[in-house]
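**Student:** dropping a prediction and its sequence here:
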Amino acid sequence: MKAGTLFLLLGLTSLTGCVTTNSGDFSAGASAEDAAALNLDLGIGYLRQGDFEQAITKLRKSIDEDPNNPTAHRALGLAYEEMDDKKGAEKEYRTAVRLGSDDADALNQLASFLCANGDKLEALQLYDRAIEVPLYPNKAMLYANAGTCAKESDLDLAESYLRNALAIQPDYAVALLQMAEVAYRKENYLQAQAFLERYAGASSYTPASLWLTYRVEIAMKDPASARNTAARLVREFPESIETRLLLEEQRDAG
């Protein structure tokens, strides 16, 4: 399951939470509305289990019965994305946004897909639309996602988004780590270190946070701390991409 998939699943509407997934057709004889709801619930259940082919089957059935439900299209888009069908995923995400133009979750999901697949300008426009949706309860996430997306092209814009996220939720670990990365790229190493310290108080260490901590310590000319962080990264996350990057860097340095 791709990174972020479980988080996106939490934004999908599960109907009862008590329906067990089964390849049988439980919707036979049900009304179209009930069949659509049941197949949506089953499809989301399969998504949670990582059974994307069965998820696609159930979600298509749900859409056949109720083609105007943006949640079903979002879920189907996510299943396609997990199956590396980018064309199918984008089509379903765009349908979800068309059907739910004020659905912040749909806007966020399409924006995240586009940001990951190269169209960062449209992604940021979609994040801005999502942020404008009144009463959406998780605007810190939207600001953090937008800041993460902007980080590759405009560090000042990224910082603005991320500071808005932290103004809403000061201990939001995702935003703290991204702010540390932005500060590091701006060569504000003391600020990067401060955000990493705040991150450590809000979340467990990850390969990404240790790798950034190591780079900040190298930039601050603190080799003893950098050696300790490098050893921890290798020890605790030996199979991570960050550990591979570290080992490659050490090998190239001789």
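**Tutor:** Perfect, I can see it now.
**Student:** gap between the two ends of stretch 230-244?
**Tutor:** Length of stretch 230-244, first residue to last, C-alpha to C-alpha, to the nearest Å: 11 Å.
**Student:** quick one: mean pLDDT for it?
**Tutor:** Averaging pLDDT along stretch 230-244 yields 97.
**Student:** just give me the neighbour total for the nearest residue to Glu81 once chain neighbours are set aside.
**Tutor:** Spatial nearest neighbour of Glu81, chain neighbours left out: Ala89 (3.9 Å); criterion: C-beta to C-beta, 6 or more residues apart in numbering. Any C-beta I mention is one placed from the backbone N, CA and C, and that applies to glycine too. As a burial measure, Ala89 scores 22 neighbours (other C-beta atoms under 10 Å).
**Student:** and Ala89, what's its pLDDT?
**Tutor:** So Ala89 comes in at 96 (pLDDT).
**Student:** flag every buried residue along stretch 212-230.
**Tutor:** 212-218, 226, 229-230 (16 or more other C-beta atoms under 10 Å).
**Student:** do the same with stretch 123-139
**Tutor:** 123-124, 126-127, 129-131, 133, 136, 138-139.
**Student:** shouldn't the residue nearest to Glu81 be in contact with Phe113?
**Tutor:** Yes: contact criterion C-beta atoms under 8 Å: Ala89 and Phe113 qualify, at 6.2 Å.
**Student:** and the contacts of the helix or strand encompassing Leu245?
**Tutor:** Per DSSP states H and E: Leu245 is located in helix 241-253. Helix 241-253 is contacted by residues 207-208, 210-211, 214, 230, 233-234, 237 when judged by C-beta atoms under 8 Å, 6 or more residues apart in numbering.
**Student:** ok, stretch 170-186 next?
**Tutor:** Against stretch 170-186 from outside (C-beta under 8 Å, 6+ apart): 140-141, 143-144, 147-148, 151, 155, 158-159, 162-163, 165-166, 169, 189, 191-193, 195-196, 198-199, 201-203, 208-209, 212, 215-216, 219.
**Student:** tabulate the CA atom coordinates of stretch 158-168 in CSV.
**Tutor:** Provided in CSV are the C-alpha atoms of stretch 158-168 (Å, rounded to 0.1, in the frame of the first residue of the first chain):
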residue,chain,number,x,y,z
ALA,A,158,5.8,26.4,1.1
GLU,A,159,6.8,28.1,4.3
SER,A,160,3.6,30.2,4.3
TYR,A,161,1.4,27.2,3.9
LEU,A,162,3.2,25.3,6.6
ARG,A,163,3.1,28.1,9.1
ASN,A,164,-0.7,28.3,8.5
ALA,A,165,-0.9,24.6,9.3
LEU,A,166,1.1,25.1,12.5
ALA,A,167,-1.0,28.1,13.5
ILE,A,168,-4.0,25.8,13.6
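**Student:** give me the subset of the buried residues of stretch 212-230 lying in helices.
**Tutor:** 212-218, 226, 229-230 (DSSP state H).
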